[in-house]
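sequence first, predicted coordinates after that:
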Amino acid sequence: MANMSVSVEWQKDYQFDVVTDQNFTFTIDANSEKAPSPTDVLLSSLGSCCASDVVAELRARGAELFGLKTTMSYKLTDTEPRVYDSVNLHFVIKGTGVNETMVTEVIENSIEHQCHVCRMLKSSMSITYTYHYVKLAA
């Protein structure tokens, strides 16, 4: 098992700088005033992880993609601490060489098996998906 690390250093107020093993840096702001909040980062991680799987698998199946966007909508629990109860990933896929069955298989495979962020989160919340496929002329 690989040992990895990420550091988080307080800057001011509720703002923190994050530095990854690869020396990438970004800022998080718990108040969402100067940067994304920790939960925004978590949702973006979920969306980008699934989207990466979908892009890779569609390409492997011969699709030509011209666009893919994933929007996450979510519901929080009613009681404190308010955590995610459910998240829906909505994919908008633009391309050629794709059909409805392929899209469904690829997204479900990502959510159920490939996306490590989904695998970590799905035991504590419901993760669903919807999609819209824009078929472009070849």
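Noted; the coordinates are in hand.

hey, where'd the strands end up in this structure?
6-12, 15-20, 25-29, 64-76, 84-96, 126-135 (DSSP state E).

now the spatially most central residue of the chain. Nearest residue, chain neighbours left out?
Centroid-nearest residue in the chain: G47, 1.5 Å away (criterion: Cα atoms, centre = their mean). Counting by Cβ to Cβ, 6 or more residues apart in numbering, T70 is the residue found nearest to G47 once chain neighbours are left out, at 4.4 Å. Every residue, glycine included, has its C-beta placed from N, CA and C.

list the buried residues in whichever helix in the chain runs longest.
For the chain, the longest helix by residue count, based on DSSP state H, is helix 38-60. Buried residues in helix 38-60, counting neighbours by 16 or more other Cβ atoms under 10 Å, are found at 39, 42-43, 46-47, 49-51, 53-55, 57-58.

so which of those comes closest to R82?
T39 (9.6 Å; Cβ to Cβ).

which residue is the nearest non-sequential neighbour of that closest one?
In space, T39 is closest to Y84, 7.8 Å off (Cβ to Cβ, 6+ apart).

domains in the chain, as residue ranges please.
1-36, 38-135 (automatic domain parsing).

hey, which of these is tucked in deepest?
Greatest average neighbour count among the domains of the chain goes to domain 38-135 (a mean of 15), per mean count of other Cβ atoms under 10 Å.

from the chain's centre, how far out does that one sit?
6 Å (Cα atoms, centre = their mean, to the nearest Å).

quote the end-to-end distance of it.
End-to-end distance for domain 38-135: 35 Å, by Cα to Cα, to the nearest Å.

avg pLDDT for it?
For domain 38-135, mean pLDDT rounds to 95.

number the chain from 447, please
Let's use 447 as the start, then, which means that last one is domain 484-581.

so what's the nearest residue to I474 once chain neighbours are set aside bridging to?
Distance criterion Cβ to Cβ, 6+ apart; nearest residue to I474, sequence neighbours excluded, is F462 at 5.1 Å. Beta-bridge pairing of F462 under DSSP bridges involves W456, I474.

give the contact list for F462.
With contact taken as Cβ atoms under 8 Å, 6 or more residues apart in numbering, F462 is in contact with V454, E455, W456, T473, I474, D475, A476.
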